[in-house]
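> model the following, please.
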Amino acid sequence: MNPSMRENAAHRFEISTTYESGLQDELTILVVSANLESRRTVSNILEALSVNVIPCSTLAQTEQVLLLQHPNLIFCDERLPDGGYADLLELKLPGRIPPPIVVLTRNGEWELYMDATRRGAFDVIRSPWCPTDIELSFIRAVREERHKISHAGDIGRCSIRKAKLDI
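Alright, predicted model coming up:
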């Protein structure tokens, strides 16, 4: 990606991530891949967007990180040495909603896309990892998360207004 494309992507992200959304200023992304080169490539693309990236190589390591961290998004390989994206989607995090998961695949089969999204994956991205695909998936996930948070605030305000009217 040339510098002007990186600046445009960063600018688009800055515009869509204003304080009015209610999300924290610094975003944390988990990149889970047993393949060092894949982990490095995806991490570099995300770091260019000025986000914190936490790399993991196994499902067990990811579970440990999730006990301590609250990432905004997870990019996860289709297969890991001790599981895969499906195990991560089924992982229960006590007291919080799990972050969206983007599945990284090398084969890009339609069946995988359908299965992953049916199980609750946010997106599926096929190798080779194109910076634009990673960036767009990231931006979409952040926007959806911000929309959910702002919508939840609206629902809370509506219920408070309704309670005041009922009194």
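
> could you point out which element follows the helix or strand bottoming out on mean pLDDT in the chain?
Every helix and strand of the chain was ranked by mean pLDDT, DSSP states H and E. The lowest is helix 3-16, at a mean of 49. Downstream of helix 3-16, the next assigned helix or strand under DSSP states H and E is strand 28-32.

> give me the sheet partners of that next one and which way each runs.
strand 52-56 (parallel), strand 73-77 (parallel) (DSSP bridges).

> is the most centrally placed residue in the chain bridged to anything, and to what?
Geometric centre of the chain, nearest residue: Leu73, 2.1 Å, by Cα atoms, centre = their mean. Beta bridges link Leu73 to Ile29, judged by DSSP bridges.

> I'd like to know how far it sits from Asn107.
22 Å (Cβ to Cβ, to the nearest Å). The way it works is simple: take the backbone N, C-alpha and C, and place the C-beta from them, glycine included.

> then Ala34?
From Ala34 to Asn107 the distance is 16 Å (Cβ to Cβ).

> which one's more surrounded, these two?
Ala34 (15 against 9; other Cβ atoms under 10 Å).

> the more buried one and Pro55 touch, don't they?
No - counting by Cβ atoms under 8 Å, Ala34 stays clear of Pro55, with 10.9 Å between them.

> re earlier: correct me, but the residue nearest to the centre of the chain touches Glu144?
No - at 10.1 Å, Leu73 does not count as touching Glu144 under the criterion of Cβ under 8 Å.

> any residues in contact with both of those two?
100, 122 (Cβ atoms under 8 Å, 6 or more residues apart in numbering).

> strands of the protein, start to end?
Secondary structure of the chain by DSSP state E: the strands cover 28-32, 52-56, 73-77, 79-80, 83-84, 101-105, 123-126.

> a markdown table for these, including distance to Ser43 and mean pLDDT?
Listed next are these as a markdown table, based on distance: least, Cβ to Cβ, whole Å; pLDDT from 0 to 100:
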| stretch | distance to Ser43 | mean pLDDT |
| --- | --- | --- |
| strand 28-32 | 5 | 96 |
| strand 52-56 | 5 | 97 |
| strand 73-77 | 9 | 96 |
| strand 79-80 | 16 | 94 |
| strand 83-84 | 19 | 92 |
| strand 101-105 | 12 | 95 |
| strand 123-126 | 14 | 93 |
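
> okay, those strands, which one's buried deepest?
Counting by mean count of other Cβ atoms under 10 Å, strand 73-77 has the highest mean neighbour count of the strands of the chain, with a mean of 27.

> pull the residues that contact it.
Strand 73-77 has contacts (Cβ under 8 Å, 6+ apart) with 27, 29-35, 38, 42, 46, 62, 84-85, 88, 99-105, 122, 125, 134, 138, 141-142, 145.
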